[in-house]
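Chemist: Need the 3D shape of this:
(chains A, B, C and D)
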Number of protein chains: 4
Amino acid sequence: MGKRVGFIGLGAMGNPMSKNLLKAGFDLTVWNRTESKMKEIVELGAKSAHSAKEVAQNSEVTITMLTAPSDVEQVILQKDGVLEGLKPGAAVIDMSTISPEVSKRIASNVANTGTYMLDAPVSGSIGTAAMAALTILVGGEKKVFENHKDVLAGLGKNIFYIGLNGMGCYVKLVSNAIMGTHMAVLAEAMCLGAKAGVSMDTMVEALKSTVAASRILDLKNPNILNGDYKAQFMLKLLFKDLGLALEAAANGSIPMPIVGLVRQVYAEAIAAGRGDDDFSAVAALAEKLSNVSLKK
Amino acid sequence: MGKRVGFIGLGAMGNPMSKNLLKAGFDLTVWNRTESKMKEIVELGAKSAHSAKEVAQNSEVTITMLTAPSDVEQVILQKDGVLEGLKPGAAVIDMSTISPEVSKRIASNVANTGTYMLDAPVSGSIGTAAMAALTILVGGEKKVFENHKDVLAGLGKNIFYIGLNGMGCYVKLVSNAIMGTHMAVLAEAMCLGAKAGVSMDTMVEALKSTVAASRILDLKNPNILNGDYKAQFMLKLLFKDLGLALEAAANGSIPMPIVGLVRQVYAEAIAAGRGDDDFSAVAALAEKLSNVSLKK
Amino acid sequence: MGKRVGFIGLGAMGNPMSKNLLKAGFDLTVWNRTESKMKEIVELGAKSAHSAKEVAQNSEVTITMLTAPSDVEQVILQKDGVLEGLKPGAAVIDMSTISPEVSKRIASNVANTGTYMLDAPVSGSIGTAAMAALTILVGGEKKVFENHKDVLAGLGKNIFYIGLNGMGCYVKLVSNAIMGTHMAVLAEAMCLGAKAGVSMDTMVEALKSTVAASRILDLKNPNILNGDYKAQFMLKLLFKDLGLALEAAANGSIPMPIVGLVRQVYAEAIAAGRGDDDFSAVAALAEKLSNVSLKK
Amino acid sequence: MGKRVGFIGLGAMGNPMSKNLLKAGFDLTVWNRTESKMKEIVELGAKSAHSAKEVAQNSEVTITMLTAPSDVEQVILQKDGVLEGLKPGAAVIDMSTISPEVSKRIASNVANTGTYMLDAPVSGSIGTAAMAALTILVGGEKKVFENHKDVLAGLGKNIFYIGLNGMGCYVKLVSNAIMGTHMAVLAEAMCLGAKAGVSMDTMVEALKSTVAASRILDLKNPNILNGDYKAQFMLKLLFKDLGLALEAAANGSIPMPIVGLVRQVYAEAIAAGRGDDDFSAVAALAEKLSNVSLKK
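Modeler: Presented below is the predicted three-dimensional model:
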């Protein structure tokens, strides 16, 4: 059988990611705080563990895919956590989007025990995860990265070694700060065209051909034109990530005026009840604030 | 010989555009307020006129490519202007980026005389203009657009009929509002990665693979990484366009908080002496405000 | 009888101001584009004229109190305007809030004819105007200011000679940029307290005692706590003034990021139907965006 | 002798506050992590303790005046902390500016032991503290507030009972969000007047008479006009407080676009080396960004 891999955190992203590891032939052990979420993956061939520690004991490399920085810290460092289970030379790869400072602090604790950590946050949505087409941004020792690149290759297509521990997180926050702004300004600006009576289909096609073109325009214009905001990436999670970016910026004395404002635009969308929708639902807020429809 | 085409405004964009019309075989008459700028084009085969009116008298279709809305208004509507010279059935195509309201007002004056006007602002830089690869956004009567599409095809690759008079201008302003924000947030966010010590080349390659990807990232990352801000599109002209977008928005009761802020970021770049540089020089401002270098 | 004074523009502010000039004993001639608005003032003792020119012919000093810069330009400079009627040595005092550049251009035209102009915009609302308690900010030649200070003293309590032509306008725009921001941030911040369950009366009393105290807090807290937004100064006029401030800033290469954003917050309030309400109705927008009530 | 009062945290604010408690006749016990800071206060008559616990053991009411929320949590709740020393019925009053959520969590821990906690953050600077003229915003049980109002009266002039635990913190953050914006927009807007050539003294006097008047204008104009930014309240601490306000707002789904931007303006000032100066040094940033001088 294949390499022994652990996976902790079977949420909206972790579910398709763990399935892809099974498809790729890895010998998978999983654990999730809410037990019921393990059932589907176990039926597909994974072993289940009773704790994060037990996952690590069974694995050469253990992946964590969680939401909050505090969750990651707890699952890796606290009692019955990954660190207690990791064997000498084994590694934990945290693929959550967390603050670089927290990631570096965990990595430093892990390194003290003779085991290894990578931060490897991903760019992409639930759909991209399902197609094993995530972009993966890796920080940590290059040797450890090389050792476990085969596992990451089961999850994503474009895998970048960024640099030292924490640097994967930094580039992920840079990426989300840019992406969140692209989405919010697209919504805001399209309202000006809509008010002028421009056909939405025409405007989108034209914009794709101008220097305003972006992946967000390609990916999200169907959501806007159909008013369909089923979550691929929840707006409240982007709001969280923008907060992490701003705190990392504060710690590094980097001013981010545009992102500082954009985060509050998403706060308006959350207050308007859009937190659990896709982050492109910021367009629904823009429609409301502008009294126009962006639907085709 | 080919169709008789007039061209008024031989500035940074008008120069390569008029050359492309000659290459495409049109019978070209030109006029420029500063006479010396006509010499090069005349030596390549164009006729020179003594006024905007004379250009229009000699042409089936007359193109204007100027900077300020007031310039366009004057060159078309005032004494010895285009409108005095246009023969019945002839058309003027304004390819400047001006406010939709002014464009519609001029179009309405033109229509009253039995001649025609299109607004056809372009997306692209001096380089794109030179390659006849501009994106052209056209507002006005569809019949007039069809009649003169051959001329536009000599200037650009992607030509979109947007709708009624003024709508070309609206989509152009939407495009520049988005593009200007993309550039400014890219600069701001990259500083966070730079401060963390991420290699600039690596960050750019990684971002291209994430949902933060954009045409601006593709086009402008060499400027940022080399600190080379030779103008393809002057920062102060983008600042002007963002002002036009905000005034069009004000007239249509469309709030644009992000663009309202972004325009002031460019104002900071102008105050820092970057008005005549390429608009990507907003990255030099970000470097200064953040005490980091984005150069590779 | 008193000095012969002309008054043009009998709107919401001009009405109480012209009455105060009568009360102060001046020999008043009035004109208003909408004739019916002259009736009340004429019944109180003013003479009516048939044009701006006729007002100026009858007056040692003529006051204009209008809305848009273009109105002021037209009423003073165009046919049958003030300038045609002004006798040698007479003066026009424009008390409208207009752009300094326009004001200086008009002043320069006036000066060329051997007559004088002051810009003298006011701070205060309809209520302050009625009590002859306006603050008046004066630009122009000091001698002219001294000559006509008696007239201004009939309209306001605090009269400041600021400096050269246009400087009254600059300080007025500075004042409105600050005031508009004070109002908008007060609304935004009070929502945080309201959400926490703090009593509105208590919060207002406490804030008055902190370094967050301001005249706007003193003047506008009753509007907020009662949800009463009857216009003392219409929100759409403040939006206009913030636009004038930003354009003056653009012309002087002064970045104004906060004001750039704040203007768009008022744009949101206008889009929400609050343009004709008092500008403190930006608090009603904040309530809506935050899902809280600021009413006591 | 008077009531037995404890004081923990003898920094820039705690130093004058503890002196005022001695002057008011209270029987004072102090403790500070950096021991040397106790010397001056002990020489004036206070007793020194060896731990926060020992302070609380000796006191009917113990005051904490610290910087970060984590400091307060540690000093009150951890080993050898205040809670271990508090006798039944005794109280701790935290006068630091911390997040309301943290304050409520501490208060809830304290309440579980049969002792009491008030949050009582202050508005005012080092100078105001020295004059015992602070404004104090109190959250917690009213009975506890009434019992220890005598102690607060030794520290401040305007003492407000706001409501339940945490509400003092909320109003403090509301106040600092407003104040921080007042300061930043004053700096930004004054640059417009300065560029126009208006005398700074004249502008300040005029603004005081308009609806742009504020306590910040009264307090800070001398700093701006003299370019003297000796800290009364350090800019980096205001930056911290604005961060606390935004996180409290995020937790309550209250959007704060203006404050979101203003915090980043202070981030720019920190990056420009102004973090340890008075927060009015944001005016020095504005001068640099605008190429004008605000000095008289």
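
Chemist: need the contact list for the closest residue to A:Ala206 other than its chain neighbours.
Modeler: Spatial nearest neighbour of A:Ala206, excluding adjacent residues (Cβ to Cβ, 6 or more residues apart in numbering or on different chains): B:Phe160 at 4.3 Å. For every residue, glycine as well, the C-beta is placed using N, CA and C. By Cβ atoms under 8 Å, 6 or more residues apart in numbering or on different chains, the contact list for B:Phe160 reads A:202, A:205-206, A:209, B:135-138, B:171.

Chemist: Buried ones in the helix or strand hosting B:Phe160, by neighbour count?
Modeler: Per DSSP states H and E, B:Phe160 falls inside strand B:156-163. In terms of neighbour count (16 or more other Cβ atoms under 10 Å in any protein chain shown), strand B:156-163 has its buried residues at B:156, B:158-163.

Chemist: what are the pairing partners of it, and which direction each?
Modeler: Paired strands of strand B:156-163, with direction, are strand B:134-139 (parallel) (DSSP bridges).

Chemist: Now the one helix or strand A:Ala267 maps to: buried residues?
Modeler: In the assignment (DSSP H and E), A:Ala267 maps to helix A:257-271. Buried residues in helix A:257-271, counted by 16+ other Cβ under 10 Å: A:257-271.

Chemist: and it, C-alpha only, in PDB?
Modeler: What follows is helix A:257-271, C-alpha atoms only, in PDB (Å, rounded to 0.1, in the frame of the first residue of the first chain):
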ATOM      1  CA  PRO A 257      -5.800  51.100   3.400                       C
ATOM      2  CA  ILE A 258      -7.700  49.500   0.600                       C
ATOM      3  CA  VAL A 259      -7.900  46.100   2.300                       C
ATOM      4  CA  GLY A 260      -8.900  47.900   5.500                       C
ATOM      5  CA  LEU A 261     -11.900  49.300   3.700                       C
ATOM      6  CA  VAL A 262     -12.700  46.200   1.700                       C
ATOM      7  CA  ARG A 263     -13.000  44.100   4.900                       C
ATOM      8  CA  GLN A 264     -15.700  46.500   6.100                       C
ATOM      9  CA  VAL A 265     -17.600  46.100   2.800                       C
ATOM     10  CA  TYR A 266     -17.700  42.400   3.600                       C
ATOM     11  CA  ALA A 267     -18.800  43.300   7.100                       C
ATOM     12  CA  GLU A 268     -21.700  45.100   5.600                       C
ATOM     13  CA  ALA A 269     -22.600  42.000   3.600                       C
ATOM     14  CA  ILE A 270     -22.500  39.900   6.700                       C
ATOM     15  CA  ALA A 271     -24.700  42.400   8.500                       C
END
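
Chemist: Can you report the mean pLDDT over the residues of it?
Modeler: Summarised as a single mean, pLDDT over helix A:257-271 is 98.

Chemist: Show me what that helix is packed up against.
Modeler: Counting contacts by 3 or more Cβ pairs under 8 Å, 6 or more residues apart in numbering or on different chains; DSSP states H and E, helix A:257-271 is packed against helix A:167-195, helix A:235-251, helix A:282-290, helix B:167-195, helix B:257-271, helix C:282-290, helix D:257-271.

Chemist: Please name whichever of those is nearest to A:Ala111.
Modeler: helix A:167-195 (15.3 Å; Cβ to Cβ).

Chemist: Next secondary structure after that closest one?
Modeler: helix A:200-208.

Chemist: next one: that next one to chain centre, how far?
Modeler: Distance of helix A:200-208 from its chain centroid, counting by Cα atoms, centre = their mean, to the nearest Å, is 29 Å.

Chemist: Could you find the closest non-adjacent residue to the closest residue to chain B within the stretch 1-150 of chain A?
Modeler: Proximity of the stretch 1-150 of chain A to chain B (Cβ to the nearest Cβ) peaks at A:Ser123, 3.6 Å away. Of all residues not flanking A:Ser123 in the chain, B:Thr210 sits nearest, at 3.6 Å (Cβ to Cβ, 6+ apart).

Chemist: Please apply the same query to A:Ala245.
Modeler: Spatial nearest neighbour of A:Ala245, excluding adjacent residues (Cβ to Cβ, 6+ apart): A:Leu173 at 4.0 Å.

Chemist: can you count the residues close to that neighbour?
Modeler: Residues near A:Leu173, counting by other Cβ atoms under 10 Å in any protein chain shown, number 30.

Chemist: A:Asp277 now?
Modeler: Applying other Cβ under 10 Å, we find 22 residues neighbouring A:Asp277.

Chemist: A:Leu219 now?
Modeler: Using other Cβ under 10 Å, A:Leu219 is surrounded by 17 other residues.

Chemist: Could you look up the SS state of it?
Modeler: helix (DSSP: H, G, I helix; E, B strand; the rest coil).

Chemist: give me every residue that touches it.
Modeler: A:Leu219 neighbours (Cβ under 8 Å, 6+ apart): B:Val211.

Chemist: what about 10 Å?
Modeler: By Cβ atoms under 10 Å, 6 or more residues apart in numbering or on different chains, the contact list for A:Leu219 reads A:125, A:127-128, A:179, A:183, A:232, A:280, B:211.

Chemist: Any of these buried? List them.
Modeler: Here, 16+ other Cβ under 10 Å leaves A:125, A:128, A:179, A:183, A:232, A:280, B:211 buried among the contacts of A:Leu219.

Chemist: Secondary structure element for the second one, which one?
Modeler: To tie it back to what came earlier, the one meant is A:Thr128. helix A:126-130.

Chemist: That helix and chain B, are they touching?
Modeler: Yes: counting by Cβ under 10 Å from any Cβ of the partner chain, chain B has neighbours in helix A:126-130: A:Thr128.
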